[in-house]
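>>> Give me coordinates for this.
(2 chains)
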Protein chains: 2
Amino acid sequence: MNDLTQTPEMLIATMGAKARRAAAQMALASSEQKAQALIAAARTLREETTKIILANRTDMERGAANGLSSAMLDRLRLDDARIAAVADAVEQVAHLEDPVGKVIDESERPNGLKLSRVRVPLGVIGIIYESRPNVTADAAALGLRSGNAVILRGGSEAVESNRAIHAAMVKGITEAGLPADAVQYVPTTDRAAVGAMLRAVGLIDIIVPRGGKSLVARVQEEARVPVLAHLDGICHTYVHAAADPAMALQIVVNAKMRRTGICGATETLLIDRAYPEPEALIGALLNARCEVRGDEAVRAMDPRVEPVEPGDWDTEYLDAILSARIVAGVDEALAHIAAHGSHHTDAIITEDAATAEQFLGRCDSAIVMWNASTQFADGGEFGLGAEIGISTGRMHARGPVALEGLTTYKWVVRGSGQIRP
Amino acid sequence: MNDLTQTPEMLIATMGAKARRAAAQMALASSEQKAQALIAAARTLREETTKIILANRTDMERGAANGLSSAMLDRLRLDDARIAAVADAVEQVAHLEDPVGKVIDESERPNGLKLSRVRVPLGVIGIIYESRPNVTADAAALGLRSGNAVILRGGSEAVESNRAIHAAMVKGITEAGLPADAVQYVPTTDRAAVGAMLRAVGLIDIIVPRGGKSLVARVQEEARVPVLAHLDGICHTYVHAAADPAMALQIVVNAKMRRTGICGATETLLIDRAYPEPEALIGALLNARCEVRGDEAVRAMDPRVEPVEPGDWDTEYLDAILSARIVAGVDEALAHIAAHGSHHTDAIITEDAATAEQFLGRCDSAIVMWNASTQFADGGEFGLGAEIGISTGRMHARGPVALEGLTTYKWVVRGSGQIRP
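Next comes the predicted model:
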């Protein structure tokens, strides 16, 4: 499949040029046509289930032989049910509202010029991901629904699965009359191809890394193309003096323990020193089998609390571990979050609306919450239907990013012969 | 003024940390407070007119001694009228609508969570500019009005003027109770400080270069921080077969000749081969003392037309020079623009609404126009009040960028104890 005379740069340049042409067609495709293409892709994914499972078996066998962990093998594994879920997810994206063509605002100038800002696709989206083959379908679906062309680069351990999913989707998309080049899969497992994507200014408009921290860190470090991502999700829950104790207990345990491996899980608990029942919070976490690392005041509450090390405040555990400290008030809580947070999701629990609004206004994170679990930080939970990722950057799109974040706008000016004086 | 033991990186790190703290204060300043600060800054600029003119005289004398061209010296020169205009512009920005705090959208989830997206400042804006000292005030005003902190780095030829303007503004801003560190001027003319700004990821959120092509090219090439800019303004006017000849004549001459040095000036004229009066267009341009470089068909229209070289199609003349060719129709016009344009501003002249809408939809530029002069590509003309620049990038903000483009948003989630199931 690889042309050995081709450098990764040449490969990505060729793919990028094809993607740009396909993107021009995609930008003009009607909402209905894009939806039909995704419905067709869902159908071809279902039809090719056996082919995809066979391809996946090759990946699984090679993975086992290469000593992949059972967790990694589980991420890689596809079966009938998982492929059905992948196809369903593609079909769901087909039914999401298409942002393209939406008028953001309109105005008429005194000279009669009519101005409008209209949403248009971003162009070419590069997706770089790891061992979960479902990302092939999910990311392609979101990219296409918003009128973009997509260049996919999955992990080498999932290469056969990804190729089979990609081939099935292209079949459906082309049957619906959209260009095959709108979804391309990088046909080499050479890691240098990732570097070429990251440097492909003018060919790729945005890179979305989907995977673990080392992938995201490499992408953010090397990319010359804009990146939509978050590196860390060091989320805080601050239990204010005026928090309702029953609510605080329920939210804190959920925010940490519902799923410890997601980016919206709370990693640090800040308890106001005037909060009346801190021991109950710490006890409930410990009883839920959460390791608690606390400052001296927290350690005094329960002998099971471990001492916190300075590095803990900057650590995203993604595990049943929590750092906890007592703070003097909302100022100290906000100062802690400013010093150690990652601008992802931070919450306050309080019955005092004025303090809550102060926290919501002053906390400089992509998502700020009042009386809710940080585990809600998710495009689906936000009603976006699906998300391409969560961004802790400040530019373009912030927090959960779905279809709108994969678009930009153009200014359309309609005149009647105006010249500038 | 410079601490010689300090590296440019240390200097920018220190300034960036101060700016971040000031940005946190600025983000919470009320719209009224920010407006008052700019009105105060306008006043202190007027009060310090003599000081600023004396500082400017130093720059002018050094510039003359260093052999600056008369055009450059004119750009650098400040007098009473120019300083009054600078102060007026700052005061005008005070009266622009503040985007901060605007609710972009709101929703309520079935579980009762209330979501809203609220505009917040971007944070710290770095402005890198050349010889026009008025940029010091203009850029600072736009940054502050939208709740940001600003780090300014002007050209070394204007350093005394810039420092004097900066000092006057800081006086007004601090009198109004806003932090002095919200507007900092890089206190060294060492070019390495620019490099340090361009690499200041996490310290500076966005860089806006204001100046000639070589400055913008360097910034785009070296920056690791996002950049808001345009490198080229290779704007096209396409005169369609169904254009009204009188309107076409008026628009084409205006689009090219009103001011030849601005980025929205038309550089290439595309004439439909079915347009009935192409000779009149070419003749009018030549009579307006525009040099016309044409393909063979255009050269056949008038002996004064020079032959076009292939590089002409990719050249932003910023001068009374125009490249011109005959195209077979809207497809060829769009293909030419796609191959040679810079995604800045492109226009169609036609009385045929269906063709116009096709052009507006298919042309992938930040600004697309119908029956209007490309010279309208300007934030002021678009009703934005002022602009920090025009962006040909696709991310975040496109076309003329004013206050809204210097903001981002945060998600605010208000609950009543919701936990995620």
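>>> For residue A:160, which non-adjacent residue is spatially closest?
Setting aside the residues directly before and after it, residue A:160 is nearest to residue A:55 in space (CB to CB, 6 or more residues apart in numbering or on different chains), at 4.0 Å. In this view, the C-beta of every residue, glycine as well, is placed from N, C-alpha and C.
>>> Could you double-check that that neighbour lies in contact with residue A:167?
No - look at residue A:55 against residue A:167 with CB atoms under 8 Å: they stay out of range, at 9.1 Å.
>>> Compare neighbour counts for those two and give me the winner.
It is residue A:55, of residue A:55 and residue A:167, that has more neighbours when counted by other CB atoms under 10 Å in any protein chain shown, with 22 against 15.
>>> So the residue nearest to residue A:160 versus residue A:136, what's the distance?
Counting by CB to CB, to the nearest Å, the gap from residue A:55 to residue A:136 is 11 Å.
>>> got any residues that touch both of these two?
In terms of CB atoms under 8 Å, 6 or more residues apart in numbering or on different chains, residue A:55 and residue A:136 are both contacted by the residues residue A:161.
>>> For the stretch 151-300 of chain A, which residues are neighbours of chain B?
On the criterion CB under 8 Å from any CB of the partner chain, chain B has as its neighbours in the stretch 151-300 of chain A the residues A:205-206, A:226, A:244, A:247, A:250-251, A:254-255, A:258.
>>> Adding neighbour count, write the residues you listed out as JSON lines.
Conversion of these to JSON lines gives the following (neighbours: other CB atoms under 10 Å in any protein chain shown):
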{"residue": "A:205", "neighbour count": "26"}
{"residue": "A:206", "neighbour count": "25"}
{"residue": "A:226", "neighbour count": "20"}
{"residue": "A:244", "neighbour count": "16"}
{"residue": "A:247", "neighbour count": "20"}
{"residue": "A:250", "neighbour count": "17"}
{"residue": "A:251", "neighbour count": "29"}
{"residue": "A:254", "neighbour count": "23"}
{"residue": "A:255", "neighbour count": "29"}
{"residue": "A:258", "neighbour count": "17"}
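>>> would JSON lines of those residues with distance to residue A:273 and pLDDT be doable?
Written out in JSON lines, the entries for these read as follows (distance: CB to CB, whole Å; pLDDT from 0 to 100):
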{"residue": "A:205", "distance to residue A:273": "49", "pLDDT": "96"}
{"residue": "A:206", "distance to residue A:273": "44", "pLDDT": "96"}
{"residue": "A:226", "distance to residue A:273": "43", "pLDDT": "93"}
{"residue": "A:244", "distance to residue A:273": "18", "pLDDT": "98"}
{"residue": "A:247", "distance to residue A:273": "19", "pLDDT": "98"}
{"residue": "A:250", "distance to residue A:273": "22", "pLDDT": "98"}
{"residue": "A:251", "distance to residue A:273": "19", "pLDDT": "98"}
{"residue": "A:254", "distance to residue A:273": "24", "pLDDT": "98"}
{"residue": "A:255", "distance to residue A:273": "20", "pLDDT": "98"}
{"residue": "A:258", "distance to residue A:273": "27", "pLDDT": "97"}
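>>> Could you verify my assumption that residue A:18 touches residue A:182?
No - taking CB under 8 Å as the definition, residue A:18 is not a contact partner of residue A:182, at 9.3 Å.
>>> And the helices in the stretch 201-350 of chain A?
Assigned helices in the stretch 201-350 of chain A, in chain order: A:213-222, A:245-257, A:278-287, A:296-299, A:330-340 (criterion: DSSP state H, counting those that start in this stretch).
>>> Of those, flag the one that's most buried.
Mean neighbour count (mean count of other CB atoms under 10 Å in any protein chain shown) peaks for helix A:245-257 among those, with a mean of 22.
>>> between that helix and helix A:278-287, how many degrees?
Here helix A:245-257 runs at 30 degrees with respect to helix A:278-287, directions being taken by axes from the mean of the first three to the mean of the last three CA atoms, to 10 degrees.
>>> Which of residue A:18 and residue A:182 has more residues huddled nearby?
Taking residue A:18 and residue A:182 together and counting by other CB under 10 Å, residue A:182 has the greater number of neighbours (28 against 18).
>>> Quick one: residues contacting the more buried one.
Counted by CB under 8 Å, 6+ apart, residue A:182 has contacts A:19, A:22-23, A:25-26, A:144, A:148-150, A:173.
>>> Equivalent analysis for residue A:288, please.
A:253, A:256-257, A:320.
>>> The same query, at a cut-off of 7 Å, please.
Residues touching residue A:288, when contacts are defined by CB atoms under 7 Å, 6 or more residues apart in numbering or on different chains, comprise A:253, A:257.
>>> How about the backbone phi and psi for it?
When quoted as degrees, to the nearest 10, the phi and psi of residue A:288 stand at phi -80, psi 10.
>>> quick one: the longest helix along chain A to helix B:330-340, angle?
Selection of the longest helix in chain A by residue count, based on DSSP state H, yields helix A:8-28. What separates the directions of helix A:8-28 and helix B:330-340 is an angle of 140 degrees, with the same axes, to 10 degrees.
>>> Dump the next helix or strand after helix A:8-28 to CSV, restricted to CA.
Tracing the chain past helix A:8-28, the next element assigned as helix or strand by DSSP states H and E is helix A:31-47. Provided in CSV are the C-alpha atoms of helix A:31-47 (Å, rounded to 0.1, in the frame of the first residue of the first chain):
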residue,chain,number,x,y,z
SER,A,31,-27.5,19.4,4.6
GLU,A,32,-29.7,16.6,3.2
GLN,A,33,-27.0,15.2,1.0
LYS,A,34,-24.5,15.1,3.9
ALA,A,35,-27.1,13.4,6.1
GLN,A,36,-27.9,10.8,3.4
ALA,A,37,-24.2,10.1,3.0
LEU,A,38,-23.8,9.4,6.7
ILE,A,39,-27.0,7.2,6.7
ALA,A,40,-25.5,5.3,3.8
ALA,A,41,-22.2,5.0,5.6
ALA,A,42,-24.0,3.6,8.7
ARG,A,43,-25.6,1.1,6.4
THR,A,44,-22.4,0.0,4.7
LEU,A,45,-20.7,-0.2,8.2
ARG,A,46,-23.5,-2.7,9.2
GLU,A,47,-23.2,-4.6,5.9
